[in-house]
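# Output the structure for:
(2 chains)
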Amino acid sequence: MKGTYLGEFEEIVLLTIGVLQEDAYGVAIKLEIEQRTNRTPSIGALHSALSRLEDKGFIKSREGGATKSRGGRRKRFYTITAAGESTLIKANELRNELFKLIPNFQGLNS
Amino acid sequence: MSRNWSNPPQWPQRLLKWLCSEEHFEVLQGDLFELYEYRLLKKGKTKAKLHFIKDSLDMLRPFALKNRKRKLKNNSYTMFKNYIKIGWRNIIRYKSHSTINILGLAFGLACCIIIFRYVSDELSYDKFHEKADRIFRITFSTNDDLSPSNANGSFGPAPAMVNDFPEVETYTRLYMIGRGKKLVMQYGQKQFYEDKFFFADSSFFDVFTFPMIQGDPKTALKNPNSVVISMSTAKKYFGDINPMGKFLESDVESNGQKKQYTVTGVVADTPSNSHFKFDVLASMSSLDERLSTAWGGFWQTFSYIVLKSNSDETKLIQSLENYSEKYMGVDQNWYQLGLQPLLGIHLSSNLKSEILPTSSYTKVIVFSAVGVLIFVIACINFLTLSTARSARRAREIGVRKTFGAYRNQLFGQFMSEAMLNGAIATVLALFISNMAFPFINSLSDKHLSLVMDNDIIEVAVIAIAAVLLVTFMAGLYPAIFLSSFKPITALRGVVSDQGRIGGIRKILVVFQFTISIALIIGSLVVERQMDFMRSQSLTQSGDQVIVLPMNEAIRKNLNAYEATLSQIPAVKSFSGTSKVPTRGSSSDCFPFGENKNGCAFFYLADFDYPKTMDYQLIAGRLFDKNIGTDSVFAFVINEAALEEFELGTAEEAIGKPFARSKYKTGRVIGVVENFHVYSLHRTFSPSWMLVTPKAYYQYFAVRISSQNVSETLEMIGDSWADFSPEAPFDYFFLDEAFANLHLEDIRTGKVVSAMTLIAILIAAIGLFGLASFMSEQRSKEIGIRKVLGASVFAILNLMSKSYIKLIIIASLIAAPLSYWLLNEWLASFQYRVSFGPLIFVASILIVGLVVLISISYQSIKAATMNPIDSLRNE
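Alright, predicted model coming up:
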């Protein structure tokens, strides 16, 4: 069951973790995705995706210290693993190659 | 962050904690909290809470749940799957039995759902106003006990109270122009009758909460001649045009002058659970200022005040005791004011001149009770059938027990089977009720549906509650009973009361019969009372009286119109009048004799009025055109008025002085029989009639022959159109108008009848199932009896004997019970039917017949079967 296939939403989550760097935890990722993609993933769906990514070995997590604003609850921060990085790069390369193969599709080939 | 902090709801957190694995819980909860705070700032408390609930539930995904692997090893999960499978196979295998079980439950549940919706609608009246618990309506009454207090009164008290009592925050008044009089409004070529037309104070939207779609609620009703209209009214006149600032034209005060009203606001249509409904609200400032501060009398004015929070209304009510003296003088203490909470209007108001008919707590209780009874009947079906069929399952139970099943496991098995049946029945019930709601709405004039306000979650909660309820009500006893079998006897297939109605089942069947009989008696008596009320309002000659509301065009040419009317052969008699019973009747109180006040309804009418209404003369004479004095000071009164004004017997009263006021005095020339003015819940009211100039007339009462009514109506309508081309022909039948006064009673009657029918149907279905099972079980016995020479009749007798006994026991319980309940109900009517033993006998016979039909089909089948078939079948 646990392949290394990267789903579309998973890819976005993975990329967003990359963008957020040190500050990638549940709510932050959700808000970042909302801002950038105009879609509003539910927090449940997001955590579900995060747990899948972790199972696949693309990200790893560590728990941070307690903060006041969350009623004293700890955050779990995520970082991309080497495997995650290489999967992202592969996905990107694959996509670019396919793009280049489309004739007359100039707008995106710059 | 702590500013504006409000805690998120607790229960989703508990649910999450319970279901979530520990490693995830803290982080997830932290995220939920953070989002909650974020939304609290951005979207407000309610939305944040709703989102919090939604998100928490959304968190319950496989990744977050507790690791259940250990539990899966426990075989109760596997067994549960097995129970459901066996249960399903049982449903499929015994199709007719399952159909009866499930259909019965489904109909019962559907009834419950409908009644639940109905009752919660009744209980929700006027709760949507933000200040609902602080709004009170001023009630007005006379000191006499002629009639209950009025919901309506005069204009002055409400504004005066705001000045005089510090605890009164604000007020608003609604003024209906001429109850029942329809007025025409016009925009361009479009003209319609508007009967939900009120004048309202500018504070209307401050007191009541009706969402305004266009316009400013604070100022919309400030200026004279402005109107606020409902959404549907706006559509009706203006279509897609923006109605704001447009003019609607109408002769509201019916003085022959059309006024233009500016549309200053559009509000959403009045919700159906409001005690008044409006289409057009005109500003109170359009009316004469003298009118809007007047005290005394009973205008169609409804006054509402808002108390400041935490003020005590009982104190205020006490200080209202002699309040009217301050404004009307010391001798006017007959004019009593009172307060009535807004939230009590729909269910506990029993006042005269309500804007719309009200309901009562009794009705809510009756409906709830009927709903519960139907549900109980359906559950009993399930119960009796499951236990009766225990023999079929005995072997299975024996085998399971031999293999080591505990009793509580078998208990669980039968409970889960009941749940499976309940779940299927619930799904069916949702469909059935969804289809039935339009029918219920047409009976009750409500807007109910399965899914209210798009609230799917509520429906889901109802459904889950229904399944659980059925499981416990219907499944508990069979599960206890079936799981108690001893393995050895069960394996041998010997179960004690096979083929007969066992003890507890007997009690249950008696209970079902009792409910059915009581319901039938109830609905028959209700039906008779409704019939009685209808017949009371008819004329003695059997003629129909129709009433035409008069308008200015007709009034101008009254003589010519009367001449045309008299040409129509089917018109027997007609008369103009100021009022007619049921519409706009108001009583008037005046000093009569020495220091005595008397109150009575009055009709300022034409010579032929008593004749037209078919009032029977007791003493003296009716008005006569040829006697000149009759048009000035002759009164015709009814019997109740004799008593009210202490005039002695009818004969003695003739010639006695009578006065309407100091200025209008005269003599009694005739006494007629009593007649109804309002609903039959009330006593006959004192009334008098007086011939007056035609300018006082508001209605035309026309008595027509009851033959060819539609042709006659057409002729009257044609002549109407000749004189009044602008306003469409409008009329109503007097008996229908009376029926409308009892609309709530009639509706209750209809709904109760429908429910009774369903209850009997469900009980009959259950009996049919039981009987078919019994005859199946006893087929060998019947076979042997037939071989030994028993006749078909003897076998039929054998099979139905035990049921007859049960019916007799049930009747003995049902008859006194329903007799007592119905007498309680009828006591609320001043005029009521008596009901004799015939109704009881009829009801018992109906149930007996239903029982016989449902069991004899099976019994005859069994009795006429060739005995060889049943005996050979080993």
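
# tell me which parts of chain A are close to chain B?
Counting by Cβ under 8 Å from any Cβ of the partner chain, the residues of chain A close to chain B are A:25-27, A:30-31, A:42-45, A:47-48, A:51-52, A:63, A:68-71, A:73-76. From N, CA and C alone the C-beta is placed, and that goes for glycine too.

# how near is residue B:80 to residue B:86?
11 Å (Cβ to Cβ, to the nearest Å).

# The two: which is more packed in?
residue B:86 (17 against 14; other Cβ atoms under 10 Å in any protein chain shown).

# Tell me how far the host helix or strand of the more buried one lies from the chain's centre.
Element membership of residue B:86, judged by DSSP states H and E, is helix B:75-93. Mean-position distance between helix B:75-93 and its chain equals 44 Å (Cα atoms, centre = their mean, to the nearest Å).

# In the chain, which helix is the longest?
Assuming you mean chain A. In chain A, with assignment by DSSP state H, the single longest helix is helix A:82-101.

# hm, I was asking about chain B
helix B:407-444.

# List the buried residues in that helix.
Using 16 or more other Cβ atoms under 10 Å in any protein chain shown as the test for burial, helix B:407-444 gives B:409-430, B:432-434, B:436-437, B:440, B:443-444.

# any weak-confidence spans in the stretch 551-700 of chain B?
By pLDDT under 70, the weakly predicted segments of the stretch 551-700 of chain B are B:583-598, B:660-664, B:678-683.

# So which residues of it form helices?
Secondary structure of the stretch 551-700 of chain B (DSSP state H, counting those that start in this stretch): helices located at B:552-556, B:558-567, B:609-612, B:630-633, B:639-644, B:650-653.

# three-state assignment of residue B:262?
strand (DSSP: H, G, I helix; E, B strand; the rest coil).

# Based on its surroundings, how many neighbours for residue B:271?
14.

# Could I get the contacting residues of it?
By Cβ atoms under 8 Å, 6 or more residues apart in numbering or on different chains, residue B:271 lies in contact with residue B:128.

# Please apply the same query to the one 3 residues further on.
Each residue near residue B:274 by Cβ under 8 Å, 6+ apart is listed here: B:125-126, B:128.

# hang on, the earlier thing: who are the packing partners of the longest helix of chain A?
helix A:8-20 (3 or more Cβ pairs under 8 Å, 6 or more residues apart in numbering or on different chains; DSSP states H and E).

# Now do the helix it packs on against helix A:82-101: the angle between them, please.
110 degrees (axes from the mean of the first three to the mean of the last three Cα atoms, to 10 degrees).

# for helix A:8-20, packing partners?
helix A:26-37, helix A:43-56, strand A:74-80, helix A:82-101.

# Counting neighbours, what do you get for residue 97?
With no chain named, the answer covers chain A. 9.

# meant chain B actually
Residue B:97: 19 neighbours (other Cβ under 10 Å).

# Setting aside sequence neighbours, what's the nearest residue to the residue of the stretch 301-450 of chain B at minimum distance from chain A?
Nearest to chain A in the stretch 301-450 of chain B, going by Cβ to the nearest Cβ, is residue B:423, at a distance of 26.6 Å. Using Cβ to Cβ, 6 or more residues apart in numbering or on different chains and skipping residues adjacent in sequence, the residue nearest residue B:423 is residue B:467, 5.1 Å away.

# still on that earlier bit, closest one to residue B:770 among the helices of the stretch 551-700 of chain B?
helix B:639-644 (56.8 Å; Cβ to Cβ).

# which strands and helices sit next to the closest one?
So helix B:639-644, by 3+ Cβ pairs under 8 Å, 6+ apart, packs with strand B:597-605, helix B:650-653, strand B:665-672, strand B:687-691.

# Tell me which residue of the stretch 151-300 of chain B lies closest to chain A.
residue B:211 (27.8 Å).

# mind checking which helix or strand residue B:526 is in?
Per DSSP H and E: residue B:526 is located in helix B:503-536.

# Remind me what that helix packs against, helices and strands.
Secondary-structure packing of helix B:503-536 (3+ Cβ pairs under 8 Å, 6+ apart): helix B:361-388, helix B:734-741, helix B:743-777, helix B:792-826, helix B:837-864.

# 7 Å instead, please
The contact analysis (3 or more Cβ pairs under 7 Å, 6 or more residues apart in numbering or on different chains; DSSP states H and E) places helix B:503-536 against helix B:361-388, helix B:743-777, helix B:792-826, helix B:837-864.

# And these: which comes nearest chain A?
That would be helix B:361-388 among these, by Cβ to the nearest Cβ, at 37.3 Å.

# tell me the angle the helix or strand following that closest one makes with helix B:361-388.
Using DSSP H and E, the helix or strand that follows helix B:361-388 towards the C-terminus is helix B:390-402. Put simply, helix B:390-402 runs at 70 degrees to helix B:361-388, going by the same axes, to 10 degrees.

# and helix B:390-402, what other elements does it pack with?
Looks like helix B:390-402 contacts helix B:456-483, helix B:487-492 (3+ Cβ pairs under 7 Å, 6+ apart).

# For it, could you pull out the residues that count as buried?
B:390-394, B:396-398, B:400-401.

# Give me the angle between that helix and helix B:407-444.
Using the same axes, to 10 degrees: helix B:390-402 against helix B:407-444 is 140 degrees.

# Might you calculate how far helix B:390-402 sits from the centre of the chain?
50 Å.

# and if you look at stretch B:557-577?
40 Å.

# Could you count how many residues lie near the residue in chain A that chain B sits nearest to?
Closest approach of chain A to chain B (Cβ to the nearest Cβ) occurs at residue A:73, with a separation of 2.9 Å. When neighbours are defined as other Cβ under 10 Å, residue A:73 has 19 of them.

# Partner strands of the following helix or strand past the helix holding residue B:526, with direction?
The first helix or strand that comes after helix B:503-536 along the chain, using DSSP H and E, is strand B:544-549. Strand B:544-549 sits in its sheet next to strand B:699-704 (antiparallel), strand B:732-733 (antiparallel), going by DSSP bridges.
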